[in-house]
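>>> have a look at this prediction, sequence included:
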Amino acid sequence: MLPIPRTTSFEAQISRSSTFDAKQRVQQLCNHLERSVTMQREALQELVSAHDAPQTSKPEEKKETPKTEEVPVVTCKFCKRPSQCPTCRAPVGPPVVKKDSTNLDVPVPDIYAQLPPPLHPSTSAAQHPLFVHAVPPTPPLYRKFSVFAAGSIEMGAAIQWQPLLANHLCTLPITLCNPRRGSWDTSISSSQKDKNFRAQVEWELAALEHVDVIAFFFDHATMSPVSLCELGLWARSGKVVLCCETDLYWKGGNVALVCERYGIPRVERFEELVELVKAKLRTKGLIVDKKGEVTENEGERDPAVSMTLEEAERFCEERVRERKWTGKEKEKKEDEQDGEVEASKDEPVVEATIEQGK
C-alpha cells in the first residue's frame with residue numbers, strides 16, 4: 001500500500017486562508033458590479049421620468065449683462081490704427097461714411113496759403129491750341145514734350161494745385177498728364193485684383209515713363225504716401241523737379257535728403273515750381289518760336305517763352321539744395337578749401353614782415 005501523505009497544521013492553515021481570501025475577493029467584485037448596474041438603472045429612470053414629466057417650474061431666467069454705450073472707434077486715415085495715431089501724434093476724427101463716389105475737383109481751402117491766385121484771363125495769354133490736359137481713364141494724347149503732375153491728391157483732400165499748374169503751362173504746346181480725375185468711385189478697393197484700381201495705377205505708371213518732366217508738389221497738410229513712393233521710383237531719372245516746404249511737410253527731411261543725394265532741383269513755393277518746370281523742359285529740348293510752334297533752331301527762339309539753354313541749366317543747378325560732393329568733385333572741393341586756409345594763414349606773416357622792415 002502506498003503511504004498516505006500527511007500535512008502539517010501550518011500548511012492546512014495557509015490553504016484555508018488562501019481559499020477564504022479568494023472567495024472574499026470574488027464576493028467584493030460581484031457586489032461592486034451589482035452596485036454599478038443599480039446606479040446606472042436609477043440614473044436612466046430619472047432621465048426618462050424627467051423627460052416625460054410636464055414642466056411645471058419656470059426655466060431659470062438668464063441674467064442680462066448691462067449694456068454699455070457703444071463708443072465709435074476712431075482710426076487714423078493713414079495707418080488705420082484706433083485711438084491716437086502713433087505716427088502723426090494728432091487726434092483723429094470718427095470714420096467717414098463712404099459714399100458712392102467722391103468728387104476730387106471740389107475746391108479745397110488753402111488755409112496755409114501754399115498757392116498763388118490763378119492767372120486772370122485778362123492778364124494771361126491765350127491757351128495754346130496744341131496744349132493737352134490729360135486725365136484718366138482716357139489715354140493721353142502726347143505732344144512732342146510732356147509733363148506729369150505728380151504729388152498730393154489724397155482722395156481730394158489736397159489743395160487744387162494741379163489745375164493751377166495747367167493754368168500756368170497752358171500757353172505751351174505740351175501735354176500735361178494730371179492723375180487727379182474728376183470723380184472717384186469709393187467702392188473701388190486698393191487691390192491689384194480690382195480692374196478699375198489697376199487701370200488708374202497703370203495709367204499713372206505709363207504716363208510717368210513717357211513724360212519728359214515729372215513735377216512734384218507736396219501739400220504739407222497731407223501725408224501723400226503714394227507721391228513719396230513715386231519720388232523714390234524716379235529720383236534717379238534726371239527728369240524730376242520738386243516743390244516742398246520741408247520744414248512743414250511730415251516727411252520733409254526725407255524729401256530734402258533724397259533731393260540732395262540725387263541732385264533734384266527743389267523749391268519751396270509754387271511760383272518757383274512753374275518756372276522750374278519751364279527750365280527743365282528747355283533742358284530737354286523744348287524751344288518755342290514766335291509763332292508758338294516747336295523748333296530746333298535756337299535762332300528762332302521766342303525770348304518771352306523759352307530761356308536759352310545756359311539760362312535753363314543755371315536755373316536748375318541753382319535750385320539743387322545742399323548737394324553733396326562725391327568722388328573727384330569732393331576731393332577737388334576739399335583741396336580748394338585747404339588752399340584757401342593755407343593762404344589765409346600766410347597773410348598775417350607777410351604783413352608782420354613788412355612792418356618789421358619799416
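That came through, no problem. Numbers count the residues shown, from 1 in each chain.
>>> stretch 160-167: which residues count as buried?
160, 161, 162, 164, 165, 166, 167 (16 or more other C-beta atoms under 10 Å). Yep, even glycine has a C-beta here, placed from its N, CA and C like the rest.
>>> what is the neighbour count of residue 218?
28 (other C-beta atoms under 10 Å).
>>> give the contact list for it.
Counting by C-beta atoms under 8 Å, 6 or more residues apart in numbering, residue 218 makes contact with 151, 152, 224, 227, 242, 243, 244, 245, 249, 252, 255.
>>> at 6 Å instead, please
Residue 218 sits next to 151, 152, 224, 244, 249 when contact means C-beta atoms under 6 Å, 6 or more residues apart in numbering.
>>> circling back: now render the buried residues of stretch 160-167 as CSV, adding distance to residue 118.
Shown next, in CSV, are these (distance: C-beta to C-beta, whole Å):
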residue, distance to residue 118
160, 10
161, 11
162, 12
164, 6
165, 10
166, 10
167, 5
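>>> for those residues, which one is nearest residue 294?
Nearest to residue 294 among the buried residues of stretch 160-167, counting by C-beta to C-beta, is residue 166 at 18.8 Å.
>>> tell me how far that closest one lies from residue 315.
21 Å (C-beta to C-beta, to the nearest Å).
>>> how about residue 190?
38 Å.
>>> more neighbours, those two?
Using other C-beta under 10 Å as the criterion, residue 190 and residue 315 rank with residue 315 on top: 19 against 8.
>>> all helices of the stretch 51-200 of the chain, in order?
Ranges of helices within the stretch 51-200 of the chain are 161-169, 195-210, based on DSSP state H, counting those that start in this stretch.
>>> need the winner for burial among those.
By mean neighbour count, with neighbours taken as mean count of other C-beta atoms under 10 Å, helix 161-169 ranks first of those at a mean of 20.
>>> average pLDDT for that one?
What helix 161-169 shows for mean pLDDT is 96.
>>> and the buried residues of stretch 160-167, which is closest to residue 203?
residue 162 (14.7 Å).
>>> that closest one contacts residue 178, doesn't it?
Yes: using C-beta atoms under 6 Å, residue 162 makes contact with residue 178 at a distance of 4.8 Å.
>>> what touches both of these two?
The contact lists of residue 162 and residue 178 share residue 149, where a contact means C-beta under 6 Å, 6+ apart.
>>> low-confidence regions, the stretch 51-200 of the chain specifically.
Scanning the stretch 51-200 of the chain for pLDDT under 70 picks out 51-102, 122-124.
>>> now do the strands in it.
Remark: strands assigned in the stretch 51-200 of the chain by DSSP state E, counting those that start in this stretch are 101-103, 132-134, 146-151, 175-177, 183-185.
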